[in-house]
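[1] Predicted coordinates and the sequence they were generated for:
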Amino acid sequence: MPKTGPTPKSAVQGSSKNTVDTGSARAGSCAAAGNSTRSGDRPLLGSPAGVVASRGTGGVGAIEDLAWADGSPGDERQLGEIFCLTFTKGVDEAEALRRMGALPDTVATRTVEDIGELHDFDHGYPTVASALSLGAWTVVFEPNGFEGAHLVEALSRGTEAVSVLRHDYASHSFGYAVDGRLITGFDPTFPSYRHGADPDRLLPRMLEVGFTEDDEGQFDDTIARCLLVVEHVTGVLPAFDALTGPLTSAQIEPWFSEGRRKPASRPGLGEPVDAMAEVRRLTGLHGLTDTPGLADALAAAERGEPVDVTPDSPLGTHVRAWLTESSRASWSLNDHGGRHRMTEAQRSRAFELGWLARALGAALRPDLVR
């Protein structure tokens, strides 16, 4: 049984070695190492581009093939210190991105370098994700992003989804969900603390790839081990070169997804506030009561009617602008080149626009508030 109690958090991986080389066969499975030239690696016959098969072991060899997942800045093959890979079964690239809140007018073919160039003050530091077909599954790759970790349950509605987040400055995460319900979730640094409807569903595979029930946690090759667990679910993994090459991509904004929404809140208050009242307070404060579509949306929500705001609708366009300003205000604090391009008054207003968008999301979709 998994341990109970609060889940420990860790910002970095430890150095203790917990490797198990089982030597067990993984017939028909696929692990990624780009266009690897290792003996034993081979393309799958009839498989989509970007899928490769690795040597038939769940231990050291397979982990080495996935070294890019735990790579460090400066390594030839690495995805960075923050990224998320989210796999959804039975959907194509467009649908996978749509489920994550893709903005239709931002869809384009981009490489990972192209995406990185958009992460600046002028563009508002957007989250941009790429999608790659793996046959029966599609993987969404977020360079420097983490939304998939929070959307895995929503993405799994009517199907299955599994997500792996690497975040060297917060906590890594793993989540597997089926039809809108989280089955197994854990912090890969402390895999003995699992949660979900069936926390031990994937435990045999976790042990096979080298995770243990050790309370101390701290595993080398943490993300590679997680991907080998993903492979147990999906049967496929993406190749490094395919992930970083030209792919269909889009800016994603979870506000437009079916993911969970946070309750309306206000800085300095320790509990949620009434969403409708907060929307009216903030729109009045910032002269936004006449925002196109807002009055009709709030009236429909008060009548208990479903309200669907699309990214290209008049109200959706304004919500996007509010969220962009809030993102710009937040991210620019860590950007030497952008930090001083906003006055404190502008930054304060931008943050309040973010709180407005959050309150509006809760007011229009109370069914999604958790």
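    Nice, thanks for sending it over.
[2] Any regions of the protein where pLDDT drops low?
    Along the chain, segments meeting pLDDT under 70 span 1-61, 215-218.
[3] Show me how far the longest helix along it is from its chain's centre.
    The single longest helix within the chain, with elements called by DSSP state H, is helix 344-364. Average the C-alpha atoms of helix 344-364, do the same for its chain, and the two points are 22 Å apart (CA atoms, centre = their mean, to the nearest Å).
[4] What residues of it count as buried?
    By 16 or more other CB atoms under 10 Å, the buried positions in helix 344-364 come out as 347, 349-350, 352-364. All C-beta spots, glycine's among them, are computed from the backbone N, C-alpha and C.
[5] Also stretch 178-195?
    178, 182-194.
[6] middle-most residue in the chain, spatially?
    residue 148 (2.2 Å; CA atoms, centre = their mean).
[7] so how far is residue 115 from residue 227?
    According to CB to CB, to the nearest Å, residue 227 stands 21 Å off from residue 115.
[8] Quick check: the residue nearest to residue 250 when sequence neighbours are not counted vs residue 146, distance?
    Excluding its sequence neighbours, the residue lying closest to residue 250 (CB to CB, 6 or more residues apart in numbering) is residue 102, at 3.9 Å. With the distance defined as CB to CB, residue 102 ends up 16 Å from residue 146.
[9] list the helices and strands the longest helix of the chain packs on?
    helix 275-285, helix 294-302, helix 314-331 (3 or more CB pairs under 8 Å, 6 or more residues apart in numbering; DSSP states H and E).
[10] which one of these lies closest to residue 235?
    Set against residue 235 and scored by CB to CB, those come closest in helix 314-331, at 36.3 Å.
[11] which parts of that closest one are buried?
    Quick answer for helix 314-331 (16+ other CB under 10 Å): 315-320, 322-329, 331.
[12] Kindly report the same for stretch 74-94.
    78-79, 82-89, 91, 93.
[13] which among the residues you listed gets closest to residue 68?
    Nearest member of those to residue 68, counting by CB to CB, is residue 78, at 5.6 Å.
[14] any idea what that closest one is structurally, helix, strand or coil?
    Under DSSP: H, G, I helix; E, B strand; the rest coil, the three-state class of residue 78 is coil.
[15] Hmm, residue 71 and it touching each other?
    Yes: counting by CB atoms under 8 Å, residue 78 does reach residue 71; the two are 2.7 Å apart.
[16] ok, what's across the strand from the residue nearest to residue 250?
    residue 252 (DSSP bridges).
[17] distance of it from residue 349?
    Taking CB to CB, one finds residue 102 at 27 Å from residue 349.
[18] Same question for residue 159.
    41 Å.
[19] do the same with residue 312
    25 Å.
[20] and if you look at residue 370?
    Counting by CB to CB, the gap from residue 370 to residue 349 is 28 Å.
[21] cool, and residue 282?
    The value you get for residue 282 to residue 349, if CB to CB is used, is 10 Å.
[22] Which parts of the protein are helices?
    60-65, 93-99, 112-117, 147-155, 203-208, 222-234, 240-244, 275-285, 294-302, 314-331, 344-364.
[23] Same list (those helices) but as a markdown table, adding distance to residue 338.
    As requested, these are exported to a markdown table (distance: least, CB to CB, whole Å):
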| stretch | distance to residue 338 |
| --- | --- |
| helix 60-65 | 38 |
| helix 93-99 | 27 |
| helix 112-117 | 14 |
| helix 147-155 | 22 |
| helix 203-208 | 41 |
| helix 222-234 | 29 |
| helix 240-244 | 26 |
| helix 275-285 | 25 |
| helix 294-302 | 30 |
| helix 314-331 | 7 |
| helix 344-364 | 11 |
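[24] With residue 250 as the reference, name the closest of those helices.
    Checked against CB to CB, the stretch from the helices of the chain lying closest is helix 93-99, at 5.0 Å.
[25] so what does the closest one touch, helix or strand wise?
    Partner elements for helix 93-99 (3+ CB pairs under 8 Å, 6+ apart): strand 82-89, strand 128-133, strand 137-143, helix 147-155, strand 247-251.
[26] can you tell me which of those comes nearest to residue 235?
    Here strand 137-143 is closest among the helices and strands packed on helix 93-99 (CB to CB), at 7.9 Å.
[27] ok, and what's touching that closest one?
    79-80, 83-93, 95-97, 100, 112, 115-116, 127-132, 148, 234-236, 238, 243, 247, 252 (CB atoms under 8 Å, 6 or more residues apart in numbering).
[28] before we move on, what about stretch 97-112?
    Under CB under 8 Å, 6+ apart, the answer for stretch 97-112 is 79, 86, 88, 91, 94, 126, 128-131, 140-141, 143, 147-148, 151, 154-155, 243-259, 311-312, 320.
[29] Relative to residue 144, how far out is residue 127?
    Applying CB to CB to residue 127 and residue 144 gives a distance of 8 Å.
[30] More neighbours: which of the two?
    residue 127 (22 against 18; other CB atoms under 10 Å).
[31] Would you mind confirming that that one is in contact with residue 252?
    Yes: the pair residue 127 / residue 252 is scored as a contact, 5.4 Å apart, by CB under 8 Å.
[32] Next, count neighbours for residue 67.
    16.
[33] Over to residue 117?
    Neighbours around residue 117, by other CB under 10 Å: 11.
[34] residues contacting it?
    Residue 117 touches nothing, counting by CB under 8 Å, 6+ apart.
[35] what pairs with residue 141 across the strands?
    Residues in beta-bridge contact with residue 141 (DSSP bridges): residue 85, residue 130.
[36] so how far is residue 113 from it?
    13 Å.
[37] cool, and residue 159?
    31 Å.
[38] cool, and residue 99?
    From residue 99 to residue 113 the distance is 26 Å (CB to CB).
[39] who's more crowded, those two?
    Neighbours per residue, other CB under 10 Å: of residue 99 and residue 113, the larger number sits with residue 99, 25 against 9.
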